[in-house]
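Chemist: Prediction below, plus the sequence it came from.
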Amino acid sequence: MNRHLLSGADLSHADALLVLDTAEELAQLADRPIKKLPTLRGRTVVNLFFEDSTRTRISFEAAAKRLSADVINFSAKGSSVSKGESLKDTALTLEAMGADAVVVRHHASGAPHRLAHSGWIRGSVVNAGDGTHEHPTQALLDAFTMRRRLNGDRPLGTDLTGRRVTIVGDVLHSRVARSNVLLLHTLGAEVTLVAPPTLLPVGIDAWPCTTSYDLDGELAKSDVVMMLRVQRERMTTEGGGFFPSAREYSRRYGLDRRRVAVLPDHAIVMHPGPMNRGMEIAAEVADSARSTIVEQVTNGVSVRMAVLYLLLSGSTEITEVTA
Amino acid sequence: MTPTPDLTARATGPVPVGSVPGHRAGSSSRAGQPGGPATVGRPVLEAPDIGRALTRIAHEILERNKGAGDLCLLGIPSRGVPLAYRLGALIAQVEGSTVPVGALDVTMYRDDLRLRPARALEHTELPPEGVDGRTVVLVDDVLFSGRTIRAALDALGDLGRPRSVQLAVLVDRGHRELPIRADYVGKNLPTSMTERVHVLLEERDGRDAVTVEKTTAATPAAAARTGADDE
């Protein structure tokens, strides 16, 4: 495993299983009277958020605190960034404060990569979402959730071989979709991206997945349906005019009760949040037993603990065996 | 004091988690793993010796605690876990009632996490009875510097408040670095710092044996860095 986690493709099959298995053990912590481990005592984790986020930032904060790390939250609003400070100067400041890990969310694709490889900081960099590029810990928590739901209560050591995952929505602007395609492919799943032609990126032929414009044709064979958030402003001309109206989008690509009825009995419905009820997902579907939306949030903490533990606790390279 | 030798480096790779409960002494089939791994080093205990030592420890535990009433056995992964299950079975034979047995992974509480590569976690499984108010007997294969047991005591403190904690080990090889001693010892095995103790158990390795291997490593720290030490 690399020192940084920037992309869903950074993880080999063995690395991904190591993270998921570690998260599985750490998930037990939630049932204990003391939900804290001393593992990262004295380490500092900086949450560097240039973009608004609730669940991801809180999730990373909870994960770091449960491992006893010190957490510094830094958001662009109300900081020197709003006075025009550059990423580099912000990074140098964090380095001077002794950050062991920097969890970064940035509106520019590639910002975490720049942070990791420019020599500004020595700590590990974890990408918590950059532009329309990647969001690898979201992909990990999605894979973790799928594995738990589909592979039984003790899914240790198993991957997602042969599972069919259908990801629906604004793939063009989605860092969640890209990271999921890369990671799920590594784990053996077959991913199909479903979106209107305007919302599939150029060059998608090179991604390790298939694409479709027709949601109804994919449902019956899906083990997992993952709905992506669709932003209403994207349908206006100023927003790009990617689709004509919310109503049309919802008709063709929204997951409602009728479409859910076509799914196999074991199939699950996922959404990375925040969701638009009634737009890409019907409220009754979001609240149904198939929906893993709340579980995904819980699992996010376990997965991020695993990532921070594996990146921060060791002195050198990570090995997947207990040596 | 020398740099910490590693205490629970396991030589044989990932454990098939979940395969341990249900195993009893001698009950696992050797089919599929004929002969087990080759013997490394000088044999110290053979299968019958290990069986006798565990039987004695089971009786000592019952004698000291006046029965199995509030007992809870917690094995420290990886090889402490099958030992705990064996002791549990032996105690059940004598007393006619079952004893709660579980596993306690101490990885996240180790004091050498920053010095070594991050390692995969083992499974912690508490019996449904919990540990509060019980006499917990920690079970491990080899007692060496005592650091694993210190970590185990910390881990246990986060899980509940046992009435008392005792320690049972199959082999005590000396060289303690902390004020920790075992209550029940299968065999005291005086060793030099350049030696390695290997414990093989039927459940994991296909056969029972304890061997001592001479190494060329000048210091135990060097041995630990190779990741091959077995205590």
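Modeler: On my side now, so go ahead.
Chemist: going forward, measure contacts between C-alpha atoms and count neighbours the same way
Modeler: OK.
Chemist: Report how many residues lie close to A:T211.
Modeler: 18 (other C-alpha atoms under 10 Å in any protein chain shown).
Chemist: in the longest helix along chain B, what's buried?
Modeler: Identified as the longest helix of chain B according to DSSP state H is helix B:47-65. Across helix B:47-65, burial judged by 16 or more other C-alpha atoms under 10 Å in any protein chain shown covers B:47, B:49-51, B:53-62.
Chemist: helices and strands around it, which ones?
Modeler: helix B:80-95, strand B:164-172, strand B:184-188 (3 or more C-alpha pairs under 8 Å, 6 or more residues apart in numbering or on different chains; DSSP states H and E).
Chemist: what helices or strands is the last one leaning on?
Modeler: Pointing back at strand B:184-188 there. helix B:47-65, strand B:164-172.
Chemist: Next, report how far the first one is displaced from the centre of its chain.
Modeler: Average the C-alpha atoms of helix B:47-65, do the same for its chain, and the two points are 14 Å apart (C-alpha atoms, centre = their mean, to the nearest Å).
Chemist: Need the residues that contact it.
Modeler: By C-alpha atoms under 8 Å, 6 or more residues apart in numbering or on different chains, the residues outside helix B:47-65 that reach it are B:68, B:86-88, B:90-91, B:168, B:170, B:184-187, B:207-209.
Chemist: next one: the last one
Modeler: Applying C-alpha under 8 Å, 6+ apart, the external contacts of strand B:164-172 come out as B:50, B:53-54, B:57, B:133-144, B:181-190.
Chemist: any idea of the angle that strand forms with helix B:80-95?
Modeler: Angle, strand B:164-172 to helix B:80-95, by axes from the mean of the first three to the mean of the last three C-alpha atoms, to 10 degrees: 110 degrees.
Chemist: buried residues in strand B:164-172?
Modeler: Of the residues in strand B:164-172, B:165, B:167-172 count as buried by neighbour count, 16+ other C-alpha under 10 Å.
Chemist: cool, and stretch A:195-214?
Modeler: Using 16+ other C-alpha under 10 Å as the test for burial, stretch A:195-214 gives A:195-196, A:199-200, A:209, A:211-213.
Chemist: And for stretch A:213-223?
Modeler: A:213, A:215, A:218-220, A:222-223.
Chemist: State the three-state secondary structure for the residue in the stretch 101-250 of chain A that chain B sits nearest to.
Modeler: Scanning the stretch 101-250 of chain A for the residue nearest chain B gives A:L156, at 7.6 Å (criterion: C-alpha to the nearest C-alpha). Following DSSP: H, G, I helix; E, B strand; the rest coil, we place A:L156 in the coil state.
Chemist: thought it was touching A:D21?
Modeler: Yes - here A:L156 reaches A:D21: they are 5.5 Å apart, a contact under C-alpha atoms under 8 Å.
Chemist: out of these two, which sits in the busier spot?
Modeler: A:D21 (24 against 21).
Chemist: Domain map for chain A?
Modeler: Domains of chain A are assigned by automatic domain parsing as A:8-135+A:297-312, A:136-293.
Chemist: Just send the helices and strands packed on helix B:47-65 back as a markdown table, with distance to A:T145 and mean pLDDT too.
Modeler: Compiled in a markdown table, the helices and strands packed on helix B:47-65 are given as follows (distance: least, C-alpha to C-alpha, whole Å; pLDDT from 0 to 100):
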| stretch | distance to A:T145 | mean pLDDT |
| --- | --- | --- |
| helix B:80-95 | 29 | 96 |
| strand B:164-172 | 37 | 98 |
| strand B:184-188 | 43 | 97 |
